[in-house]
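Asker: Quick one: sequence plus predicted model below, questions after.
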Amino acid sequence: MTMLGDRQQLSYIASQAADARLNLELETEGMTLNIGPQHPATHGTLRIIARLDGEQVVWAEPACGYMHRGYEKLTEVRTFPQVTTLVNRIDWLGSFANEVPFILAAEKLMGVEAPTRAQYIRTILFELSRIANVSLFLGDLGVQLGAITPVFLAFRDREYV
């Protein structure tokens with residue numbers, strides 16, 4: 001064969017190879033993957049049980065409730081003032097936000113109403129608590145996005161509130 005013939009033959013083989021389709025089906029085994037639960041002190045304590053087929057998630061079941069610490073059972077044998085100290089610990093960042101609804105419910109059950117001055121003080125403290133919580137939320141958002149400085153600044157600024 002001549003050099004030109006070789007080139008034509010190689011060109012023909014290359015064009016045939018380019019038109020050919022590879023028909024290959026992979027058989028994969030399913031895999032179950034546990035995601036979480038995270039430590040109870042972290043945000044969004046959640047466990048996800050996922051079934052994978054290769055890299056595709058074919059089924060997922062979220063399991064919530066890992067923050068449950070048995071508060072309902074603890075409160076069955078305590079007085080209202082004792083329960084107030086427990087309610088503060090549900091969310092250690094926003095304890096006042098948990099305390100106010102409990103106190104309002106207790107007052108309603110007992111049929112009493114707080115004095116006007118106490119209601120004003122409660123509202124002011126609740127709003128200050130909200131400002132502090134939003135500040136910490138924004139600081140934690142920075143951590144979730146990969147920056148550590150915002151959370152330090154948020155804790156610093158929270159002290160002023």
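Answerer: Looks like it arrived, so ask away. Numbering: from 1, shown residues only.

Asker: so is residue 25 in a helix, a strand, or just coil?
Answerer: Here residue 25 is recorded as coil under DSSP: H, G, I helix; E, B strand; the rest coil.

Asker: Give me the number of neighbouring residues for it.
Answerer: 5 (other Cβ atoms under 10 Å). (Each C-beta comes from the backbone N, C-alpha and C, glycine too.)

Asker: and it, what pLDDT?
Answerer: At residue 25, the pLDDT value in this model is 70.

Asker: Would you mind measuring from it to residue 157?
Answerer: Residue 25 sits 58 Å away from residue 157, going by Cβ to Cβ, to the nearest Å.

Asker: now swap in residue 33 and tell me
Answerer: 39 Å.

Asker: Phi first, then psi, for residue 53.
Answerer: Torsion angles at residue 53 (phi, psi; degrees, to the nearest 10) stand at phi -120, psi 100.

Asker: Domain map for the chain?
Answerer: Using automatic domain parsing, the domains assigned to the chain come out as 27-68, 71-160.

Asker: Now tell me which helix or strand of this structure has the poorest mean pLDDT.
Answerer: Least confident helix or strand, the chain: helix 3-19 with a mean of 69, by mean pLDDT, DSSP states H and E.

Asker: what's the nearest residue to residue 135 if we skip its chain neighbours?
Answerer: Nearest non-adjacent residue to residue 135, counting by Cβ to Cβ, 6 or more residues apart in numbering: residue 154, 4.8 Å away.

Asker: residues touching residue 105, list them.
Answerer: Going by Cβ atoms under 8 Å, 6 or more residues apart in numbering, residue 105 touches no other residue.

Asker: you'd agree residue 31 is in a strand?
Answerer: Yes. The assignment for residue 31, made by three-state DSSP, places it in a strand.

Asker: give the contact list for it.
Answerer: The contact partners of residue 31, by Cβ under 8 Å, 6+ apart, come to 51, 52, 53.

Asker: remind me which residues of this structure are low pLDDT?
Answerer: By pLDDT under 70, the weakly predicted segments of the chain are 1-5, 17-24, 26, 28, 37-44, 65-69.

Asker: where do the strands sit along it?
Answerer: 30-35, 47-53, 56-63 (DSSP state E).

Asker: and the domains of the chain as JSON lines, adding distance to residue 8?
Answerer: Below are the domains of the chain laid out as JSON lines (distance: least, Cβ to Cβ, whole Å):
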{"stretch": "domain 27-68", "distance to residue 8": "41"}
{"stretch": "domain 71-160", "distance to residue 8": "58"}
